[in-house]
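Visitor: model the following, please.
(chains A and B)
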There are 2 protein chains.
Amino acid sequence: MSISGPITQVTFVGLPGIPHVQPGDDLAALICTSLARAQITLQLGDILVVTSKLVSKAEGRFVDLRTVQPGARACRVAEIVRKDPRMVELILRESTAISRMRQDVLIVRHRLGFTLANAGIDHSNVGREGEDWVLLLPEDPDRSAALLRQRLAELTGVAPGVVISDSHGRPFRVGTVGVAIGLAGFPAVWDKRGQRDLYGRELRITVTGLGDELAAAAGLITGQGDEGLPVVLVRGLRVPVGEGRAADLIRPEALDLYADHQELPGG
Amino acid sequence: MSISGPITQVTFVGLPGIPHVQPGDDLAALICTSLARAQITLQLGDILVVTSKLVSKAEGRFVDLRTVQPGARACRVAEIVRKDPRMVELILRESTAISRMRQDVLIVRHRLGFTLANAGIDHSNVGREGEDWVLLLPEDPDRSAALLRQRLAELTGVAPGVVISDSHGRPFRVGTVGVAIGLAGFPAVWDKRGQRDLYGRELRITVTGLGDELAAAAGLITGQGDEGLPVVLVRGLRVPVGEGRAADLIRPEALDLYADHQELPGG
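Guide: Predicted structure coming up:
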(Lines give C-alpha, C1' and ligand atoms only; values in the text may rest on other atoms or scores of the structure.)
Protein backbone atom coordinates (compact mmCIF):
# COMPACT_ATOMS: atom_id res chain seq x y z
CA MET A 1 0.00 0.00 0.00
CA SER A 2 1.15 3.54 -0.67
CA ILE A 3 1.41 5.70 2.39
CA SER A 4 2.37 9.36 2.69
CA GLY A 5 4.18 10.77 5.69
CA PRO A 6 5.58 8.92 8.66
CA ILE A 7 3.48 5.86 9.37
CA THR A 8 4.05 3.20 12.00
CA GLN A 9 4.20 0.04 9.96
CA VAL A 10 5.53 -3.36 10.98
CA THR A 11 5.97 -6.15 8.45
CA PHE A 12 6.17 -9.88 9.16
CA VAL A 13 7.67 -12.05 6.42
CA GLY A 14 7.63 -15.84 6.50
CA LEU A 15 11.05 -16.74 5.11
CA PRO A 16 10.68 -19.03 2.11
CA GLY A 17 12.33 -22.36 1.53
CA ILE A 18 13.71 -23.19 4.97
CA PRO A 19 14.41 -26.89 4.43
CA HIS A 20 13.90 -29.82 6.76
CA VAL A 21 16.60 -29.39 9.34
CA GLN A 22 18.98 -32.08 10.54
CA PRO A 23 20.99 -32.23 13.78
CA GLY A 24 24.09 -30.09 13.45
CA ASP A 25 22.72 -27.89 10.65
CA ASP A 26 23.79 -24.24 10.77
CA LEU A 27 20.47 -22.42 11.17
CA ALA A 28 22.08 -19.03 10.58
CA ALA A 29 23.42 -20.19 7.22
CA LEU A 30 20.03 -21.63 6.22
CA ILE A 31 18.37 -18.33 7.18
CA CYS A 32 20.92 -16.37 5.11
CA THR A 33 20.20 -18.55 2.08
CA SER A 34 16.49 -17.95 2.50
CA LEU A 35 16.99 -14.19 2.92
CA ALA A 36 19.05 -14.09 -0.27
CA ARG A 37 16.36 -16.05 -2.09
CA ALA A 38 13.77 -13.49 -0.96
CA GLN A 39 16.16 -10.65 -1.87
CA ILE A 40 16.09 -9.35 1.68
CA THR A 41 19.14 -7.77 3.31
CA LEU A 42 19.12 -7.79 7.11
CA GLN A 43 18.83 -4.29 8.57
CA LEU A 44 19.58 -2.83 11.96
CA GLY A 45 16.45 -3.29 14.09
CA ASP A 46 15.25 -6.45 12.33
CA ILE A 47 14.01 -9.28 14.55
CA LEU A 48 13.89 -12.95 13.59
CA VAL A 49 11.36 -15.24 15.24
CA VAL A 50 12.30 -18.91 14.93
CA THR A 51 10.12 -21.81 16.08
CA SER A 52 11.50 -23.90 18.91
CA LYS A 53 10.95 -26.98 16.79
CA LEU A 54 13.42 -25.81 14.18
CA VAL A 55 16.01 -25.05 16.88
CA SER A 56 15.40 -28.38 18.63
CA LYS A 57 15.92 -30.28 15.40
CA ALA A 58 19.16 -28.45 14.65
CA GLU A 59 20.29 -29.23 18.22
CA GLY A 60 19.42 -32.91 17.77
CA ARG A 61 16.92 -32.98 20.66
CA PHE A 62 15.28 -36.16 19.34
CA VAL A 63 14.46 -39.04 21.67
CA ASP A 64 13.39 -42.51 20.60
CA LEU A 65 10.65 -43.52 23.04
CA ARG A 66 11.74 -47.16 22.62
CA THR A 67 14.87 -46.27 24.61
CA VAL A 68 12.91 -44.78 27.53
CA GLN A 69 12.26 -46.95 30.61
CA PRO A 70 9.38 -45.44 32.63
CA GLY A 71 9.88 -45.37 36.39
CA ALA A 72 7.26 -46.03 39.06
CA ARG A 73 6.24 -42.37 39.36
CA ALA A 74 5.81 -42.00 35.61
CA CYS A 75 3.65 -45.13 35.57
CA ARG A 76 1.39 -43.77 38.32
CA VAL A 77 1.00 -40.40 36.53
CA ALA A 78 0.48 -42.16 33.18
CA GLU A 79 -2.48 -44.04 34.66
CA ILE A 80 -4.12 -40.77 35.69
CA VAL A 81 -3.48 -38.90 32.46
CA ARG A 82 -3.85 -41.97 30.20
CA LYS A 83 -0.69 -41.23 28.24
CA ASP A 84 2.19 -43.45 27.12
CA PRO A 85 4.25 -44.08 30.33
CA ARG A 86 7.47 -43.58 28.34
CA MET A 87 6.25 -40.15 27.24
CA VAL A 88 5.25 -39.32 30.82
CA GLU A 89 8.70 -40.41 32.03
CA LEU A 90 10.30 -37.99 29.56
CA ILE A 91 7.91 -35.18 30.56
CA LEU A 92 8.71 -35.64 34.25
CA ARG A 93 12.46 -35.76 33.56
CA GLU A 94 12.11 -32.35 31.87
CA SER A 95 10.03 -30.91 34.74
CA THR A 96 10.36 -29.70 38.30
CA ALA A 97 6.66 -29.71 39.29
CA ILE A 98 3.16 -30.71 38.18
CA SER A 99 0.64 -27.89 37.83
CA ARG A 100 -2.44 -29.86 36.73
CA MET A 101 -3.12 -33.43 35.64
CA ARG A 102 -6.17 -35.29 34.51
CA GLN A 103 -7.17 -37.51 31.62
CA ASP A 104 -5.34 -36.35 28.47
CA VAL A 105 -3.79 -33.36 30.26
CA LEU A 106 -0.41 -33.04 31.99
CA ILE A 107 0.63 -29.45 32.71
CA VAL A 108 4.05 -29.08 34.34
CA ARG A 109 6.65 -26.55 35.30
CA HIS A 110 9.50 -27.16 32.89
CA ARG A 111 13.05 -27.14 34.28
CA LEU A 112 13.42 -23.88 32.29
CA GLY A 113 10.60 -22.37 34.38
CA PHE A 114 7.74 -22.30 31.88
CA THR A 115 4.40 -23.78 32.92
CA LEU A 116 3.12 -25.69 29.90
CA ALA A 117 1.56 -28.94 28.68
CA ASN A 118 3.71 -32.04 28.26
CA ALA A 119 6.93 -30.13 28.99
CA GLY A 120 6.75 -28.92 25.38
CA ILE A 121 7.67 -32.38 24.10
CA ASP A 122 6.45 -32.70 20.54
CA HIS A 123 5.21 -35.73 18.70
CA SER A 124 4.11 -34.17 15.39
CA ASN A 125 6.33 -32.93 12.57
CA VAL A 126 9.31 -34.66 14.11
CA GLY A 127 10.26 -35.98 10.71
CA ARG A 128 11.71 -39.32 11.68
CA GLU A 129 10.38 -42.69 10.60
CA GLY A 130 7.91 -44.37 12.92
CA GLU A 131 5.69 -43.12 15.70
CA ASP A 132 8.26 -43.42 18.45
CA TRP A 133 10.42 -40.34 17.95
CA VAL A 134 9.70 -37.23 19.94
CA LEU A 135 11.43 -33.86 20.19
CA LEU A 136 12.41 -32.06 23.42
CA LEU A 137 12.61 -28.26 23.74
CA PRO A 138 16.05 -26.75 23.09
CA GLU A 139 18.50 -27.36 25.93
CA ASP A 140 18.86 -23.63 26.75
CA PRO A 141 16.72 -21.51 24.40
CA ASP A 142 18.06 -18.15 25.62
CA ARG A 143 21.56 -19.38 24.84
CA SER A 144 20.38 -20.74 21.45
CA ALA A 145 18.93 -17.31 20.66
CA ALA A 146 22.15 -15.52 21.64
CA LEU A 147 24.28 -17.91 19.57
CA LEU A 148 22.00 -17.55 16.53
CA ARG A 149 22.18 -13.76 16.84
CA GLN A 150 25.96 -13.89 17.07
CA ARG A 151 26.32 -16.25 14.11
CA LEU A 152 23.97 -14.11 11.98
CA ALA A 153 26.07 -11.06 12.85
CA GLU A 154 29.20 -12.92 11.69
CA LEU A 155 27.55 -13.89 8.39
CA THR A 156 25.73 -10.64 7.58
CA GLY A 157 27.35 -7.86 9.59
CA VAL A 158 24.00 -7.14 11.25
CA ALA A 159 22.98 -8.56 14.65
CA PRO A 160 19.20 -9.00 14.56
CA GLY A 161 17.01 -9.51 17.60
CA VAL A 162 16.15 -13.20 17.96
CA VAL A 163 13.07 -14.83 19.49
CA ILE A 164 12.62 -18.59 19.83
CA SER A 165 8.88 -19.23 19.95
CA ASP A 166 6.70 -22.08 21.14
CA SER A 167 2.89 -22.47 21.15
CA HIS A 168 1.33 -22.74 24.60
CA GLY A 169 -2.17 -23.16 25.92
CA ARG A 170 -3.36 -20.78 28.66
CA PRO A 171 -5.60 -20.91 31.71
CA PHE A 172 -9.04 -19.38 31.09
CA ARG A 173 -8.73 -19.15 27.30
CA VAL A 174 -9.21 -21.47 24.35
CA GLY A 175 -6.45 -22.15 21.84
CA THR A 176 -2.69 -21.92 21.84
CA VAL A 177 -0.73 -18.74 21.22
CA GLY A 178 2.93 -18.15 20.46
CA VAL A 179 5.15 -17.33 23.44
CA ALA A 180 8.86 -16.54 23.66
CA ILE A 181 10.97 -19.30 25.22
CA GLY A 182 14.30 -17.88 24.05
CA LEU A 183 15.32 -14.32 23.22
CA ALA A 184 18.39 -12.19 22.54
CA GLY A 185 19.24 -8.66 21.50
CA PHE A 186 16.45 -6.64 23.12
CA PRO A 187 14.37 -6.55 26.32
CA ALA A 188 11.82 -9.40 26.60
CA VAL A 189 9.69 -7.21 28.86
CA TRP A 190 8.87 -3.59 28.04
CA ASP A 191 8.83 -1.65 31.27
CA LYS A 192 7.08 1.71 30.93
CA ARG A 193 6.84 2.46 34.64
CA GLY A 194 7.08 6.15 35.26
CA GLN A 195 5.91 7.06 31.74
CA ARG A 196 2.79 9.18 31.50
CA ASP A 197 -0.28 8.87 29.34
CA LEU A 198 -1.63 11.36 26.81
CA TYR A 199 -3.25 13.27 29.66
CA GLY A 200 -0.24 13.28 31.97
CA ARG A 201 -1.48 10.43 34.19
CA GLU A 202 0.85 7.56 35.00
CA LEU A 203 0.24 4.61 32.71
CA ARG A 204 -1.90 1.78 34.04
CA ILE A 205 -0.31 -0.86 31.86
CA THR A 206 3.32 -0.43 32.57
CA VAL A 207 4.92 -3.77 31.82
CA THR A 208 4.13 -5.46 28.52
CA GLY A 209 5.26 -8.92 27.45
CA LEU A 210 7.08 -7.72 24.34
CA GLY A 211 8.74 -11.05 23.56
CA ASP A 212 5.44 -12.87 23.88
CA GLU A 213 3.59 -10.38 21.67
CA LEU A 214 6.26 -10.90 19.04
CA ALA A 215 6.00 -14.68 19.30
CA ALA A 216 2.20 -14.50 19.10
CA ALA A 217 2.38 -12.25 16.05
CA ALA A 218 4.84 -14.57 14.33
CA GLY A 219 2.50 -17.46 15.18
CA LEU A 220 0.04 -15.94 12.69
CA ILE A 221 2.59 -16.56 9.93
CA THR A 222 4.14 -19.87 11.03
CA GLY A 223 0.56 -21.07 11.51
CA GLN A 224 -0.14 -20.46 7.83
CA GLY A 225 1.73 -23.64 7.00
CA ASP A 226 2.00 -25.35 10.37
CA GLU A 227 5.78 -25.84 10.40
CA GLY A 228 6.17 -24.83 6.76
CA LEU A 229 7.28 -21.27 7.64
CA PRO A 230 9.37 -21.69 10.79
CA VAL A 231 11.30 -18.40 10.52
CA VAL A 232 9.62 -14.99 10.47
CA LEU A 233 11.40 -11.70 9.84
CA VAL A 234 9.95 -8.69 11.70
CA ARG A 235 10.82 -5.29 10.26
CA GLY A 236 9.80 -1.82 11.34
CA LEU A 237 9.21 -2.43 15.05
CA ARG A 238 10.88 0.04 17.37
CA VAL A 239 11.88 -1.80 20.53
CA PRO A 240 13.66 -0.45 23.59
CA VAL A 241 17.45 -0.68 23.63
CA GLY A 242 18.92 -3.25 25.97
CA GLU A 243 19.63 -6.91 26.48
CA GLY A 244 17.00 -9.40 27.55
CA ARG A 245 16.20 -13.07 27.76
CA ALA A 246 12.95 -15.03 27.64
CA ALA A 247 13.50 -16.12 31.22
CA ASP A 248 12.57 -12.53 32.17
CA LEU A 249 9.01 -13.41 31.05
CA ILE A 250 8.64 -16.08 33.74
CA ARG A 251 6.81 -14.77 36.79
CA PRO A 252 8.73 -15.58 39.97
CA GLU A 253 6.80 -18.22 41.91
CA ALA A 254 6.44 -16.02 44.99
CA LEU A 255 4.65 -13.40 42.87
CA ASP A 256 2.48 -15.87 40.93
CA LEU A 257 -1.02 -16.19 42.38
CA TYR A 258 -1.63 -19.32 40.29
CA ALA A 259 1.55 -21.17 41.33
CA ASP A 260 -0.05 -24.01 43.31
CA HIS A 261 2.23 -26.53 41.62
CA GLN A 262 2.97 -29.91 43.19
CA GLU A 263 6.75 -30.14 43.39
CA LEU A 264 8.41 -33.28 42.04
CA PRO A 265 10.89 -34.82 44.50
CA GLY A 266 14.34 -34.48 43.01
CA GLY A 267 12.82 -32.63 40.05
CA MET B 1 11.76 -4.70 0.84
CA SER B 2 11.76 -6.21 -2.64
CA ILE B 3 10.74 -9.83 -2.77
CA SER B 4 10.53 -12.18 -5.75
CA GLY B 5 7.95 -14.93 -5.98
CA PRO B 6 5.05 -15.62 -3.65
CA ILE B 7 5.98 -14.67 -0.12
CA THR B 8 3.84 -14.84 3.00
CA GLN B 9 3.90 -11.29 4.26
CA VAL B 10 1.60 -9.66 6.77
CA THR B 11 1.69 -5.93 7.39
CA PHE B 12 0.45 -4.07 10.47
CA VAL B 13 -0.19 -0.34 10.07
CA GLY B 14 -0.97 1.97 12.97
CA LEU B 15 -3.62 4.29 11.50
CA PRO B 16 -2.52 7.90 11.86
CA GLY B 17 -4.44 10.77 13.36
CA ILE B 18 -7.25 8.99 15.17
CA PRO B 19 -8.42 11.86 17.39
CA HIS B 20 -9.53 11.83 20.99
CA VAL B 21 -12.91 10.18 20.87
CA GLN B 22 -16.08 11.47 22.51
CA PRO B 23 -19.23 9.54 23.44
CA GLY B 24 -21.39 9.09 20.37
CA ASP B 25 -18.56 9.52 17.87
CA ASP B 26 -18.81 7.37 14.73
CA LEU B 27 -15.64 5.24 14.95
CA ALA B 28 -16.13 3.90 11.42
CA ALA B 29 -16.16 7.44 10.01
CA LEU B 30 -13.03 8.37 12.00
CA ILE B 31 -11.29 5.25 10.71
CA CYS B 32 -12.27 6.09 7.12
CA THR B 33 -10.83 9.59 7.50
CA SER B 34 -7.59 8.14 8.81
CA LEU B 35 -7.43 5.56 6.01
CA ALA B 36 -7.90 8.33 3.44
CA ARG B 37 -5.17 10.37 5.08
CA ALA B 38 -2.81 7.38 4.84
CA GLN B 39 -3.95 6.78 1.23
CA ILE B 40 -5.10 3.27 2.11
CA THR B 41 -8.15 1.68 0.47
CA LEU B 42 -9.70 -1.16 2.46
CA GLN B 43 -9.34 -4.51 0.69
CA LEU B 44 -11.11 -7.82 1.01
CA GLY B 45 -9.33 -9.77 3.77
CA ASP B 46 -8.19 -6.71 5.72
CA ILE B 47 -8.61 -6.87 9.49
CA LEU B 48 -8.85 -3.87 11.82
CA VAL B 49 -7.78 -4.20 15.44
CA VAL B 50 -9.25 -1.47 17.64
CA THR B 51 -8.40 -0.97 21.32
CA SER B 52 -11.24 -1.51 23.76
CA LYS B 53 -10.50 1.91 25.23
CA LEU B 54 -11.38 3.64 21.97
CA VAL B 55 -14.62 1.67 21.71
CA SER B 56 -15.51 2.32 25.35
CA LYS B 57 -15.01 6.05 24.91
CA ALA B 58 -17.22 6.14 21.81
CA GLU B 59 -19.83 4.18 23.75
CA GLY B 60 -19.64 6.62 26.64
CA ARG B 61 -18.65 3.99 29.20
CA PHE B 62 -17.31 6.63 31.61
CA VAL B 63 -18.17 6.48 35.29
CA ASP B 64 -17.49 9.25 37.80
CA LEU B 65 -16.29 7.49 40.95
CA ARG B 66 -17.84 10.30 43.02
CA THR B 67 -21.26 8.89 42.06
CA VAL B 68 -20.42 5.35 43.26
CA GLN B 69 -21.60 4.27 46.73
CA PRO B 70 -19.57 1.22 47.82
CA GLY B 71 -21.55 -1.58 49.48
CA ALA B 72 -20.48 -3.69 52.44
CA ARG B 73 -18.93 -6.41 50.26
CA ALA B 74 -16.92 -3.92 48.25
CA CYS B 75 -15.63 -2.37 51.48
CA ARG B 76 -14.52 -5.77 52.80
CA VAL B 77 -12.72 -6.61 49.54
CA ALA B 78 -11.22 -3.10 49.36
CA GLU B 79 -9.60 -3.65 52.76
CA ILE B 80 -7.91 -6.82 51.51
CA VAL B 81 -6.73 -5.42 48.18
CA ARG B 82 -6.09 -1.86 49.50
CA LYS B 83 -7.91 -0.20 46.62
CA ASP B 84 -10.49 2.62 46.53
CA PRO B 85 -13.76 1.03 47.77
CA ARG B 86 -15.70 2.87 45.03
CA MET B 87 -13.44 1.31 42.40
CA VAL B 88 -13.87 -2.12 44.03
CA GLU B 89 -17.65 -1.62 44.02
CA LEU B 90 -17.55 -0.96 40.27
CA ILE B 91 -15.25 -3.94 39.67
CA LEU B 92 -17.59 -6.27 41.58
CA ARG B 93 -20.65 -4.91 39.73
CA GLU B 94 -18.93 -5.84 36.45
CA SER B 95 -17.99 -9.33 37.71
CA THR B 96 -19.52 -12.70 38.50
CA ALA B 97 -16.66 -14.19 40.55
CA ILE B 98 -13.31 -13.46 42.17
CA SER B 99 -10.34 -15.49 40.93
CA ARG B 100 -7.58 -14.07 43.15
CA MET B 101 -7.26 -11.16 45.55
CA ARG B 102 -4.48 -9.77 47.66
CA GLN B 103 -2.84 -6.43 48.25
CA ASP B 104 -2.89 -4.40 45.01
CA VAL B 105 -4.40 -7.30 43.04
CA LEU B 106 -8.04 -8.10 42.26
CA ILE B 107 -8.52 -10.67 39.51
CA VAL B 108 -12.15 -11.40 38.63
CA ARG B 109 -14.32 -13.19 36.15
CA HIS B 110 -15.97 -10.39 34.19
CA ARG B 111 -19.69 -10.72 33.38
CA LEU B 112 -18.52 -11.19 29.76
CA GLY B 113 -16.59 -14.31 30.86
CA PHE B 114 -13.00 -13.04 30.74
CA THR B 115 -10.77 -13.59 33.78
CA LEU B 116 -8.78 -10.38 34.20
CA ALA B 117 -7.55 -7.77 36.66
CA ASN B 118 -9.92 -5.03 37.89
CA ALA B 119 -12.70 -6.12 35.48
CA GLY B 120 -10.80 -4.22 32.81
CA ILE B 121 -11.76 -0.90 34.35
CA ASP B 122 -9.28 1.72 33.30
CA HIS B 123 -8.05 4.76 35.15
CA SER B 124 -5.38 6.03 32.72
CA ASN B 125 -5.90 7.83 29.43
CA VAL B 126 -9.55 8.38 30.28
CA GLY B 127 -9.25 11.96 29.13
CA ARG B 128 -11.63 13.62 31.54
CA GLU B 129 -10.69 16.24 34.08
CA GLY B 130 -9.81 15.06 37.56
CA GLU B 131 -8.75 11.73 38.98
CA ASP B 132 -12.25 10.36 39.53
CA TRP B 133 -13.32 9.29 36.06
CA VAL B 134 -12.86 5.68 35.03
CA LEU B 135 -13.78 3.74 31.91
CA LEU B 136 -15.61 0.39 31.81
CA LEU B 137 -15.14 -2.18 29.05
CA PRO B 138 -17.60 -1.92 26.15
CA GLU B 139 -21.09 -3.17 27.04
CA ASP B 140 -20.98 -6.04 24.50
CA PRO B 141 -17.67 -6.02 22.59
CA ASP B 142 -18.66 -8.78 20.14
CA ARG B 143 -21.69 -6.70 19.19
CA SER B 144 -19.51 -3.56 18.98
CA ALA B 145 -17.19 -5.41 16.60
CA ALA B 146 -20.07 -6.59 14.42
CA LEU B 147 -21.58 -3.10 14.27
CA LEU B 148 -18.23 -1.51 13.38
CA ARG B 149 -17.73 -4.08 10.62
CA GLN B 150 -21.20 -3.40 9.25
CA ARG B 151 -20.77 0.37 9.37
CA LEU B 152 -17.36 0.17 7.66
CA ALA B 153 -18.95 -1.98 4.94
CA GLU B 154 -21.61 0.70 4.43
CA LEU B 155 -18.99 3.45 4.16
CA THR B 156 -16.36 1.65 2.07
CA GLY B 157 -18.06 -1.27 0.31
CA VAL B 158 -15.63 -3.67 2.04
CA ALA B 159 -16.44 -5.53 5.27
CA PRO B 160 -13.14 -5.98 7.15
CA GLY B 161 -12.59 -8.38 9.98
CA VAL B 162 -12.73 -6.52 13.30
CA VAL B 163 -10.98 -7.30 16.59
CA ILE B 164 -11.50 -5.29 19.77
CA SER B 165 -8.38 -5.75 21.87
CA ASP B 166 -7.53 -5.33 25.52
CA SER B 167 -4.26 -5.87 27.40
CA HIS B 168 -4.37 -8.61 30.03
CA GLY B 169 -1.91 -10.08 32.48
CA ARG B 170 -1.52 -13.86 32.60
CA PRO B 171 -0.83 -16.54 35.18
CA PHE B 172 2.79 -17.76 35.17
CA ARG B 173 4.13 -14.99 32.93
CA VAL B 174 5.31 -11.41 33.37
CA GLY B 175 3.77 -8.52 31.44
CA THR B 176 0.50 -7.89 29.68
CA VAL B 177 -0.31 -9.03 26.15
CA GLY B 178 -3.11 -8.06 23.80
CA VAL B 179 -6.16 -10.36 23.78
CA ALA B 180 -9.37 -10.23 21.76
CA ILE B 181 -12.45 -9.24 23.76
CA GLY B 182 -14.62 -8.55 20.70
CA LEU B 183 -14.43 -9.95 17.17
CA ALA B 184 -16.41 -10.14 13.94
CA GLY B 185 -16.01 -11.41 10.41
CA PHE B 186 -13.79 -14.45 10.87
CA PRO B 187 -13.26 -17.33 13.32
CA ALA B 188 -11.71 -16.30 16.66
CA VAL B 189 -10.33 -19.80 17.07
CA TRP B 190 -8.51 -21.62 14.27
CA ASP B 191 -9.43 -25.28 14.48
CA LYS B 192 -7.06 -27.50 12.51
CA ARG B 193 -8.24 -30.80 13.95
CA GLY B 194 -7.96 -33.57 11.40
CA GLN B 195 -5.27 -31.75 9.41
CA ARG B 196 -1.97 -33.54 8.98
CA ASP B 197 1.57 -32.35 9.38
CA LEU B 198 4.33 -32.29 6.76
CA TYR B 199 4.98 -35.98 7.48
CA GLY B 200 1.35 -37.12 7.42
CA ARG B 201 0.95 -37.24 11.21
CA GLU B 202 -2.05 -35.57 12.82
CA LEU B 203 -1.15 -32.13 14.13
CA ARG B 204 -0.39 -31.78 17.81
CA ILE B 205 -1.41 -28.15 18.00
CA THR B 206 -4.85 -28.18 16.52
CA VAL B 207 -6.65 -25.19 17.98
CA THR B 208 -4.91 -21.82 17.89
CA GLY B 209 -6.19 -18.61 19.47
CA LEU B 210 -6.25 -16.64 16.22
CA GLY B 211 -8.09 -13.62 17.63
CA ASP B 212 -5.67 -13.41 20.55
CA GLU B 213 -2.59 -13.70 18.33
CA LEU B 214 -3.95 -10.82 16.24
CA ALA B 215 -4.62 -8.71 19.32
CA ALA B 216 -1.14 -9.47 20.68
CA ALA B 217 0.44 -8.54 17.35
CA ALA B 218 -1.50 -5.28 17.18
CA GLY B 219 -0.39 -4.59 20.76
CA LEU B 220 3.13 -4.20 19.38
CA ILE B 221 1.91 -1.20 17.38
CA THR B 222 -0.61 0.36 19.78
CA GLY B 223 2.10 0.00 22.44
CA GLN B 224 4.38 2.24 20.39
CA GLY B 225 2.41 5.24 21.57
CA ASP B 226 0.41 3.83 24.46
CA GLU B 227 -3.05 4.86 23.25
CA GLY B 228 -1.67 7.09 20.50
CA LEU B 229 -2.27 4.44 17.79
CA PRO B 230 -5.53 2.79 18.82
CA VAL B 231 -6.42 1.30 15.41
CA VAL B 232 -4.21 -1.14 13.53
CA LEU B 233 -4.83 -2.35 9.98
CA VAL B 234 -3.71 -5.93 9.29
CA ARG B 235 -3.15 -6.78 5.64
CA GLY B 236 -2.02 -10.01 4.02
CA LEU B 237 -3.15 -12.54 6.61
CA ARG B 238 -5.10 -15.49 5.26
CA VAL B 239 -7.68 -16.50 7.84
CA PRO B 240 -10.25 -19.28 7.63
CA VAL B 241 -13.67 -18.38 6.24
CA GLY B 242 -16.49 -18.22 8.77
CA GLU B 243 -18.07 -16.15 11.47
CA GLY B 244 -16.71 -15.94 14.99
CA ARG B 245 -16.83 -13.97 18.19
CA ALA B 246 -14.33 -13.31 20.94
CA ALA B 247 -16.53 -15.21 23.36
CA ASP B 248 -15.34 -18.37 21.55
CA LEU B 249 -11.93 -17.71 23.12
CA ILE B 250 -13.28 -18.15 26.65
CA ARG B 251 -12.65 -21.64 27.99
CA PRO B 252 -15.84 -23.12 29.43
CA GLU B 253 -15.50 -23.34 33.20
CA ALA B 254 -16.00 -27.10 33.26
CA LEU B 255 -12.99 -27.51 30.97
CA ASP B 256 -10.79 -24.97 32.73
CA LEU B 257 -8.37 -26.59 35.18
CA TYR B 258 -7.60 -23.18 36.73
CA ALA B 259 -11.23 -22.14 37.31
CA ASP B 260 -11.23 -22.19 41.12
CA HIS B 261 -13.06 -18.86 41.21
CA GLN B 262 -15.06 -17.79 44.23
CA GLU B 263 -18.55 -16.98 42.92
CA LEU B 264 -20.10 -13.67 43.90
CA PRO B 265 -23.62 -14.04 45.29
CA GLY B 266 -26.00 -12.40 42.84
CA GLY B 267 -23.04 -11.70 40.55
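Visitor: other SSEs contacting the helix or strand containing A:Leu48?
Guide: According to DSSP states H and E, A:Leu48 maps onto strand A:47-51. Packing contacts for strand A:47-51, counted by 3 or more CB pairs under 8 Å, 6 or more residues apart in numbering or on different chains; DSSP states H and E, involve helix A:27-37, helix A:141-156, strand A:161-170, helix A:210-222, strand A:231-235. Where C-beta positions appear, they are placed from N, C-alpha and C, glycine not excepted.
Visitor: which of these sits most buried?
Guide: Comparing the helices and strands packed on strand A:47-51 by mean neighbour count (mean count of other CB atoms under 10 Å in any protein chain shown), helix A:210-222 comes out on top with a mean of 30.
Visitor: tell me which residue is most central in chain A.
Guide: Taking CA atoms, centre = their mean, the centroid of chain A lies closest to A:Ser165, which sits 2.3 Å from it.
Visitor: which residues are in contact with A:Leu257?
Guide: With contacts defined as CB atoms under 8 Å, 6 or more residues apart in numbering or on different chains, A:Leu257 is in contact with B:Arg100, B:Arg102, B:Val105, B:Ile107, B:Pro171.
Visitor: phi, psi of the first one?
Guide: Main-chain torsions, B:Arg100, degrees, to the nearest 10: phi -150, psi 140.
Visitor: list the contacts of it.
Guide: Going by CB under 8 Å, 6+ apart, B:Arg100 touches A:Leu257, A:Tyr258, B:Leu106, B:Ile107.
Visitor: residues near A:Gly113, how many?
Guide: By other CB atoms under 10 Å in any protein chain shown, the residues close to A:Gly113 number 16.
Visitor: verify the stated contact: it with A:Ile250.
Guide: Yes - in this structure A:Gly113 lies within contact range of A:Ile250 using CB atoms under 8 Å: 4.2 Å.
Visitor: per-residue pLDDT of A:Pro240, please?
Guide: You'll see A:Pro240 listed with a pLDDT of 90.
Visitor: what number of residues lie near the closest residue in space to it that isn't next to it in sequence?
Guide: Distances taken as CB to CB, 6 or more residues apart in numbering or on different chains place A:Pro187 nearest to A:Pro240, at 5.3 Å, with adjacent residues excluded. As a burial measure, A:Pro187 scores 18 neighbours (other CB under 10 Å).
Visitor: what separation is there between A:Pro187 and chain B?
Guide: When CB to the nearest CB, to the nearest Å is the yardstick, A:Pro187 and chain B sit 10 Å from each other.
Visitor: before we move on, what about A:Ile164?
Guide: A:Ile164 is 15 Å from chain B, by CB to the nearest CB.
Visitor: and that residue, what is it in contact with?
Guide: Contacts for A:Ile164 were tallied using CB under 8 Å, 6+ apart; they are A:49-52, A:55, A:138, A:141, A:144-145, A:180-183, A:246.
Visitor: low-confidence ranges in chain A?
Guide: Flagging of chain A using pLDDT under 70 yields the residue ranges A:1-6, A:124-125, A:127-131, A:194, A:196-205, A:224-227, A:266-267.
Visitor: what residue spans form the domains of it?
Guide: Taking automatic domain parsing as the criterion, chain A consists of the domains A:9-61+A:137-253, A:63-136.
Visitor: go ahead and confirm A:Val105 touches A:Ser99.
Guide: No - between A:Val105 and A:Ser99 there is no contact, the gap being 9.9 Å when judged by CB under 8 Å.
Visitor: out of these two, which sits in the busier spot?
Guide: Neighbour count, other CB under 10 Å: between A:Val105 and A:Ser99, A:Ser99 has more, with 23 against 17.
Visitor: and the spatially closest residue to that one that is not a sequence neighbour, bridged to which residues?
Guide: Distances taken as CB to CB, 6+ apart put A:Ile107 closest to A:Ser99, at 4.4 Å, once the chain neighbours are dropped. The partner list for A:Ile107 in beta bridges (DSSP bridges) reads A:Arg100, A:Ala117.
Visitor: OK, contacts around A:Leu210?
Guide: By CB under 8 Å, 6+ apart, A:Leu210 lies in contact with A:Phe186, A:Pro187, A:Ala188, A:Val189, A:Trp190, A:Val239, A:Pro240, B:Gly175, B:Leu220, B:Gly223.
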